[in-house]
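# Predicted model and sequence below, questions to follow.
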Amino acid sequence: MGIENMNVGKSKRARVALSAFAIGALGAGVVVAAPWSTPSTTTEASIELVSTATCYDMVSIAIGGRGDTPREGVKWLTTPEGERLPAAMSGDYSSDWIDQAVRAPNNGNVVPDSYAAVYVEYPADLASYENAVQTGVTNSQTIMRTITASCPDTRFAIVGYSEGADVARRTAMEVGNQVAAADGTYGIVDPSQVVGVVIFADAGRVSGEGPFPGAENPFGNPDGFDTKYQNGNTAVSGQGALPGTSGGFGALDGRVASFCSDGDLTCALPENTSLIHLAANVGRQVNADALQNEQLTPATGADLALALGRIAVNAFNDIASQPDWMQSDETFLDVLIKVSEPNYKPGAVTTPVSAKVDGEQEPIETGQMIDLVYLPQKIFREITGFISSNQNTVPVIMNDPYGLTLGPGTGHHFDYWRDADAANGKPLTSVQYAAAWLTELAEEANRGEPVKTKAVQEKAGRAAIDTIVAPVTTSATATPKATTTAPATSTPVVTTTVPAAPAPVTTAETPAPAIVTTTPECTIPVDGETPVEGAPPICVTATETAAETAPETVVPTTTAVPTP
């Protein structure tokens, strides 16, 4: 939705005065030091700038794949003071791939101007993969921090595809695994503000993992969304091509959708393909774009040789730092894969490779003699380990891994827009499902409904159990706790129609029940739950359970978009 189509009104809740003060609190250094490609504000008068002073109930942080990122000439997102940010509004930049998901809430599904999506600018290339991805992570976090400074109530979704999937994963992992400071604040944003993470082609996916990591139903749906993604609990075979980027999502567990197509080697690489993992790690440390476009030239060859030499030196140093390495089960190939991770930190060398005394070779020490005893066994482990860890390498190579994943029209890397299979219990494509989920999250944010996190659900469950076990005081003169507002003891009258309310609506054609035997008192408000304006307070009683008090969700209807 472009800025030219926005109508300034109540739904915008622009907080310009507050935002200017909050941005100043961040410090100018945050904006100036962020590593986006062009930090200065554009001078083209024809380009309008979109400010973070405009607040939305929910914003999707969208990260495209290789080459899919905003460039000069778009309307850049800015701070209220006009400082250029590394992002563009989705209406000012279009992605052929993930627009279908991140624009869905604005397709007549939510209140106008209550939802927006922004595309993150980052290198989005393979000239220096790690630099590109880390820049994307830093820029994504900068955008969320800046928006939160202006609009502290805004909720976020993070959506990434292909190379952007790696950015989305790492961003979500860092947000979810933060530790709050002494004053309760977080360095990026409060994890409770991130209500959904969508990853298409997750290179850090763990073998056997379902599409919704950490959810109560990891194969069916994320927590709080009642629409099932598929029938069955069979995981896609294989794992991500970059296992070194794997990790838990911490507080965001249950709010993550990691979609992987069977056959997409970026997220479904067969196990026991160690050499392919090694090659992928080497590719992250060289200019893969130049290598692909120019083939092997003196320049690309020198770049490759430098990376291989660095990995070899790190491998020998790592082995030398382990006095008992000869007795271990770790193979040299294992060491190569470990040290080829771009984030590998060389340890201190504790065992010298060789030593001389007065120019003469020092006699073999007892430990080195023990190593010689283990040498035959170590060689045997090297051979068997190499064979067993590469059982599937040859089949993958013989099946043309590039064509299998990226082949035009057939590559599994593009299945997410065509992987519906209604006959086998999967009525929506992965992108359509993500669109439906993001729409539901945006609608909840617009209605001000509480975030349906596992922590809130567990807290409600504990409150229900405590209420049942502990003696319940029903006296109207009961004194509430000092920190709690006493709830009303009479049944409140609902004057507005609340979507997805579990109770039936009384109309002229549907008479109310003739007799109501008891009206349970609202004894313990559910901590963390805020009801919709005009609705009865959400609480648990001695006769209720957490499941009965949990709000229900409405399954949105998503219109399929033609395959790109």
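Sure thing, it's come through.
# What are the contacting residues of stretch 167-184?
With CB atoms under 8 Å, 6 or more residues apart in numbering as the test, stretch 167-184 has contacts from 61, 63, 120, 122, 133-134, 136-137, 140-141, 144, 158-160, 186-189, 191, 194, 197-199, 202-204, 245, 247-253, 256, 258. Every residue, glycine included, has its C-beta placed from N, CA and C.
# Go again with 7 Å.
63, 122, 133, 136-137, 140-141, 158-160, 186-189, 191, 194, 197, 199, 202, 204, 245, 247, 249-252, 256 (CB atoms under 7 Å, 6 or more residues apart in numbering).
# cool, stretch 401-418 as well?
With CB under 7 Å, 6+ apart, stretch 401-418 has contacts from 162, 200-201, 259, 261, 263-266, 429-431, 563-564.
# what do you get if the cut-off is 6 Å, keeping everything else the same?
200-201, 259, 261, 263-265, 429-431, 563-564 (CB atoms under 6 Å, 6 or more residues apart in numbering).
# Stretch 381-390 too?
272, 274-275, 331, 333.
# So for that stretch, what gets flagged as buried?
381, 385, 389-390 (16 or more other CB atoms under 10 Å).
# returning to what we had before: buried among the contacts of stretch 381-390? Need that as a selection in PyMOL.
Those of the contacts of stretch 381-390 that count as buried under 16+ other CB under 10 Å are selected in PyMOL with:
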select buried, resi 274+275+331+333
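# Would you reformat the contacts of stretch 381-390 as a markdown table and include pLDDT?
Formatted as a markdown table, the contacts of stretch 381-390 follow (pLDDT from 0 to 100):
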| residue | pLDDT |
| --- | --- |
| N272 | 82 |
| S274 | 84 |
| L275 | 89 |
| T331 | 86 |
| L333 | 87 |
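# Of the contacts of stretch 381-390, which pair is most distant in space?
N272 and T331 (13.2 Å; CB to CB).
# from what I can see S114 touches M58, true?
No. When contacts are counted by CB atoms under 6 Å, S114 is not listed as touching M58 (7.3 Å).
# Just want to know which of these two has more residues nearby.
Per other CB atoms under 10 Å, whichever of S114 and M58 has more neighbours is M58, with 25 against 20.
# Next up, the contacts around that one.
M58 makes contact with 115, 155, 442, 445, according to CB under 6 Å, 6+ apart.
# Check whether E81 sits in a helix, strand or coil.
What DSSP: H, G, I helix; E, B strand; the rest coil gives for E81 is coil.
# Model confidence at it, what's the number?
At E81, the pLDDT value in this model is 88.
# Ok, the one 5 residues further on next?
The confidence metric pLDDT takes the value 96 at P86.
# isn't there a strand covering it?
Yes. Counting by three-state DSSP, P86 is located in a strand.
# Low-confidence bits of this protein, can you list those?
1-49, 347-375, 378, 451-564 (pLDDT under 70).
# Contacts only, for N314.
Residues near N314 by CB under 6 Å, 6+ apart: 339, 346.
# Could you rerun that using 8 Å?
339, 344, 346.
# now I98
By CB under 8 Å, 6+ apart, the contact set of I98 is 62, 64, 159-161, 164, 200, 431.
# From T171, how far out is it?
15 Å (CB to CB, to the nearest Å).
# what does G244 give?
Taking CB to CB, one finds G244 at 17 Å from T171.
# What helix or strand is S258 located in?
Mapping S258 onto the secondary structure by DSSP states H and E places it in strand 256-259.
# strands paired with that strand, and their directions?
Applying DSSP bridges, strand 256-259 is found paired with strand 194-200 (parallel).
# then the partner strand to PDB, C-alphas only?
The C-alpha trace of strand 194-200 is given here as PDB (Å, rounded to 0.1, in the frame of the first residue of the first chain):
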ATOM      1  CA  VAL A 194       7.000 -10.600  17.300                       C
ATOM      2  CA  VAL A 195       3.800 -12.600  16.800                       C
ATOM      3  CA  GLY A 196       4.800 -14.600  13.800                       C
ATOM      4  CA  VAL A 197       7.800 -15.800  11.800                       C
ATOM      5  CA  VAL A 198       7.500 -17.300   8.300                       C
ATOM      6  CA  ILE A 199      10.500 -18.900   6.700                       C
ATOM      7  CA  PHE A 200      10.400 -20.400   3.100                       C
END
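# Using neighbour counts, pick out the buried residues of that strand.
So, applying 16+ other CB under 10 Å, buried residues of strand 194-200: 194-200.
# Kindly report the same for stretch 152-171.
In stretch 152-171, counting by 16+ other CB under 10 Å, buried: 154-171.
# Narrow those to those in strands?
155-161 (DSSP state E).
# Show the contacting residues for P427.
Contacts of P427 by CB under 8 Å, 6+ apart are A420.
# for the closest residue to D253 other than its chain neighbours, helix, strand, or coil?
Nearest residue to D253, sequence neighbours excluded (CB to CB, 6 or more residues apart in numbering): G214, at 2.5 Å. Under three-state DSSP, the three-state class of G214 is coil.
# Any figure for the gap between G214 and G232?
Counting by CB to CB - G214 and G232 are separated by 19 Å.
# So for these two, which sits in the more crowded spot?
G214 (20 against 10).
# how close does that one get to A280?
In terms of CB to CB, G214 sits 26 Å off from A280.
# One more: G232?
30 Å.
# repeat for T148
Counting by CB to CB - T148 and A280 are separated by 35 Å.
# How about K345?
From K345 to A280 the distance is 20 Å (CB to CB).
# I337: what secondary structure?
helix.
# check contacts around it.
Taking CB under 8 Å, 6+ apart as the test, what I337 contacts is 274, 277-278, 281.
# circling back: and K345 and A280? Which one has more around it.
Neighbours were counted for K345 and for A280 using other CB under 10 Å; A280 has more, 22 against 7.
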